[in-house]
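Visitor: What follows is a predicted structure for the sequence shown.
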Amino acid sequence: MTDININFFKNRRLNLAKDMEDNSVLLLNSSSTILRNNDTTFPFRQDSNFYYLTGFEEPDSIMLLMSSGESILFCREKNPDLEKWDGFMFGLEGAKQEFHFDKTFDIKLADELIPTLIQGLSNLYSLIGKDTLFDNKLISWMSKANSMERHQENINLKDFSNTLGMKRLIKSNEEIELMRKSCEIAANAHINVMKNAKSGMTEFDLESMYLNEFKKGGSRFPSYNPIVAGGKNACVLHYIDNNKTINDGDMVLVDAGCEYGLYASDITRTFPINGKYSFEQREIYNIVLEAHNKACQAIKVGASCLEPQIESETSLSQGLKDIGLLHGSLDEILEKKLFREFYYHKIGHWLGLDVHDDCPYSINGEDIKFQENMVMTIEPGIYINDSADVDERWKGIGIRLENDILATKLGYENLTKTVPSEPDAIEALMKS
Ligand code: GLY
Ligand code: MN
Ligand code: MN
């Protein structure tokens with residue numbers, strides 16, 4: 001359950017209704033239970049947009065928000081037999097009372113009732129393109145509603161992603177408290193595992209230590225599959241095999257964050273498994289650290305959200321040029337994007353209910369500008385694959401440094417700063 005008061009969700013709905021044209025409705029669906037195999041399911045995780053506006057954590061639900069502010073929930077009828085197997089269900093009356101809906105209906109009646117509820121409206125808003133099955137349902141409900149009365153205007157189907165995404169982008173104080181807690185749990189996990197990591201452990205050993213730390217801290221689930229990549233596995237951005245031995249002299253890149261109150265943290269550290277960076281590892285690390293610091297400094301109220309990207313490309317390119325891994329003038333490196341040989345992802349992403357928060361970076365060709373209480377990850381990296389045309393001693397080094405950054409009135413706050421970022425501080429922590 002949530003730490004956010006239920007009135008909060010109702011107020012969000014009322015506020016959002018003000019952004020809708022008159023005589024309109026917003027329809028959102030919940031997540032469904034997903035089969036893992038045969039009749040066994042993955043743990044249920046509510047859809048973040050649906051959760052943001054309802055706080056309701058059951059599958060098979062649909063929310064209708066009218067521009068008048070009225071809100072309606074379709075959900076599962078209470079079923080005592082099913083509750084004996086799968087646990088508590090709110091049912092129609094419970095959902096209405098506890099989640100402050102004006103009306104609730106049985107989800108089994110959705111196909112029959114939704115066309116009558118939307119008949120005669122001007123606009124139907126939804127998050128188009130995220131769930132094809134639901135998109136198809138919207139179209140069939142609309143076409144049924146349109147055909148109910150020959151002389152009425154057809155309903156317009158409109159995408160609401162940017163409007164809702166902009167709301168989610170600016171976190172309330174309550175959300176920031178949950179994010180601080182999520183960051184604190186993940187940061188403590190990184191600190192405790194770094195203190196206990198030893199040469200010869202497997203990636204899997206470390207993964208289990210992280211997951212245990214998350215649970216001890218009060219987070220049941222990671223916010224994404226942890227990446228625990230020893231040696232050159234670090235150059236594979238989405239490495240999740242996590243099953244190799246980490247040998248003396250190797251670094252390990254761990255990208256692991258947790259979920260608290262459904263809010264994500266997302267932290268990466270790359271540390272030497274034997275507690276001491278080699279000369280080459282430290283050289284690359286310092287370039288990444290410098291780019292990280294420059295990108296953080298680009299987070300300023302009023303600045304474009306793409307500024308950290310530009311800063312990171314410039315800083316990493318200069319650093320790689322200084323140690324002879326990139327050649328030519330800085331302008332040429334940037335113009336031809338030669339840095340992409342070693343830096344092939346973006347500097348970061350919005351963070352919130354989703355680890356890659358479902359919020360826009362630009363709207364109608366205009367970049368989003370930082371505002372107070374937005375949260376973005378800053379995560380530059382350098383990855384030197386075997387195929388790179390460089391001296392052998394650099395090959396197999398993969399380093400990323402990732403922190404979760406809150407935009408503030410005066411600049412920024414690093415929410416994950418308790419985990420050291422500097423190589424000396426990491427070595428000192430590993431010795432302690
Ligand atoms: N952990 C996923 C990411 O850093 O984007
Ligand atoms: Mn990230
Ligand atoms: Mn990450």
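Guide: All right, it came through fine. Ligands and ions are numbered 1, 2, ... in the order given.
Visitor: Quick one: residues contacting the residue in the stretch 101-250 of the chain positioned nearest to ligand 2.
Guide: Per C-beta to the ion, the residue of the stretch 101-250 of the chain with the smallest distance to ligand 2 is Y224, at 8.3 Å. Where you see a C-beta, it was placed from the backbone N, CA and C, and this is true even at glycine. Applying C-beta atoms under 8 Å, 6 or more residues apart in numbering, we find Y224 in contact with 257, 264, 266, 355.
Visitor: of those residues, list those near ligand 3.
Guide: D266 (C-beta under 5 Å from the ion).
Visitor: Mark which of the contacts of Y224 are part of strands, please.
Guide: A264 (DSSP state E).
Visitor: who wins for neighbours among the contacts of Y224?
Guide: G257 (30 neighbours; other C-beta atoms under 10 Å).
Visitor: Surely that residue and R269 touch.
Guide: No: using C-beta atoms under 8 Å, G257 is not in contact with R269; the gap is 11.4 Å.
Visitor: Contact partners for the closest residue to ligand 2 within the stretch 151-300 of the chain?
Guide: Proximity of the stretch 151-300 of the chain to ligand 2 (C-beta to the ion) peaks at D266, 4.2 Å away. By C-beta under 8 Å, 6+ apart, D266 lies in contact with 186, 223-224, 255, 257, 351, 355, 377, 379, 402, 404.
Visitor: residues in the stretch 301-432 of the chain within reach of ligand 3, list them.
Guide: E402.
Visitor: So which bits of the stretch 301-432 of the chain are right by ligand 2?
Guide: T377.
Visitor: Let's see that with 8 Å instead.
Guide: Counting by C-beta under 8 Å from the ion, the stretch 301-432 of the chain comes close to ligand 2 at 348-349, 351, 355-356, 377, 379, 402.
Visitor: Mind picking the one among those that's closest to R76?
Guide: Nearest to R76 among these: V355, at 28.1 Å, using C-beta to C-beta.
Visitor: That closest one contacts L262, doesn't it?
Guide: No: if you go by C-beta under 8 Å, V355 and L262 don't touch, sitting 11.2 Å apart.
Visitor: pLDDT value on the residue in the stretch 51-200 of the chain that ligand 3 sits nearest to, please?
Guide: Nearest residue of the stretch 51-200 of the chain to ligand 3: A186, at 10.0 Å (C-beta to the ion). Confidence at A186, expressed as pLDDT, is 98.
Visitor: my hunch is that it is in a helix, does that hold up?
Guide: Yes: assignment of A186 by DSSP: H, G, I helix; E, B strand; the rest coil places it within a helix.
Visitor: How about G200, nearest residue that isn't a chain neighbour?
Guide: Nearest residue to G200, sequence neighbours excluded (C-beta to C-beta, 6 or more residues apart in numbering): T245, at 6.5 Å.
Visitor: For the stretch 1-150 of the chain, give me the ranges with low pLDDT.
Guide: The model of the stretch 1-150 of the chain has pLDDT under 70 over residues 1-3.
Visitor: which parts of the chain sit against ligand 1?
Guide: Contact residues (C-beta under 6 Å from any ligand atom) of the chain with ligand 1: 224, 255, 266, 349, 355, 379, 402.
Visitor: Switch those over to TSV; also include secondary structure.
Guide: Listed next are the residues of the chain next to ligand 1 as TSV, based on three-state DSSP:
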residue	secondary structure
Y224	coil
D255	strand
D266	coil
H349	coil
V355	coil
E379	coil
E402	strand
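Visitor: show me where the stretch 301-432 of the chain has strands.
Guide: Along the stretch 301-432 of the chain, the segments classed as strands by DSSP state E, counting those that start in this stretch run 362-363, 366-367, 375-378, 381-383, 398-400, 403-408, 411-414.
Visitor: Out of the ones you listed, which one sits most buried?
Guide: Counting by mean count of other C-beta atoms under 10 Å, strand 375-378 has the highest mean neighbour count of those, with a mean of 27.
Visitor: re the thing from before, pLDDT wise, what is the residue nearest to G200 at?
Guide: Confidence at T245, expressed as pLDDT, is 98.
Visitor: Let me know whether it touches N233 as I believe.
Guide: No: contact criterion C-beta under 8 Å: T245 and N233 do not qualify, at 11.0 Å.
Visitor: if I look at the two, which residues touch both of them?
Guide: E203.
Visitor: neighbour-wise, which of these two wins?
Guide: The neighbour comparison of T245 against N233 (other C-beta under 10 Å) goes to N233, with 21 against 15.
Visitor: Quick check: the gap between the residue lying closest to A298 once chain neighbours are set aside and ligand 1.
Guide: Leaving out its chain neighbours, the residue that sits closest to A298 by C-beta to C-beta, 6+ apart is E307, at 4.0 Å. Per C-beta to the nearest ligand atom, to the nearest Å, E307 is found 19 Å from ligand 1.
Visitor: what are the ranges of the strands in the stretch 101-250 of the chain?
Guide: Taking DSSP E, counting those that start in this stretch, the strands of the stretch 101-250 of the chain run over residues 103-106, 123-126, 156-159, 227-230.
Visitor: Quick check: the residue of the stretch 1-150 of the chain nearest ligand 1.
Guide: S48 (15.4 Å; C-beta to the nearest ligand atom).
Visitor: what are the ranges of the helices in this protein?
Guide: 6-17, 48-54, 80-86, 91-99, 110-118, 132-146, 161-169, 173-196, 203-217, 279-297, 307-322, 330-335, 423-431 (DSSP state H).
Visitor: In CSV: those, plus mean neighbour count and distance to I363.
Guide: Formatted as CSV, the helices of the chain follow (neighbours: other C-beta atoms under 10 Å; distance: least, C-beta to C-beta, whole Å):
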stretch, mean neighbour count, distance to I363
helix 6-17, 16, 17
helix 48-54, 22, 17
helix 80-86, 10, 41
helix 91-99, 17, 30
helix 110-118, 17, 26
helix 132-146, 15, 21
helix 161-169, 19, 5
helix 173-196, 20, 21
helix 203-217, 19, 35
helix 279-297, 20, 22
helix 307-322, 21, 17
helix 330-335, 14, 26
helix 423-431, 15, 39
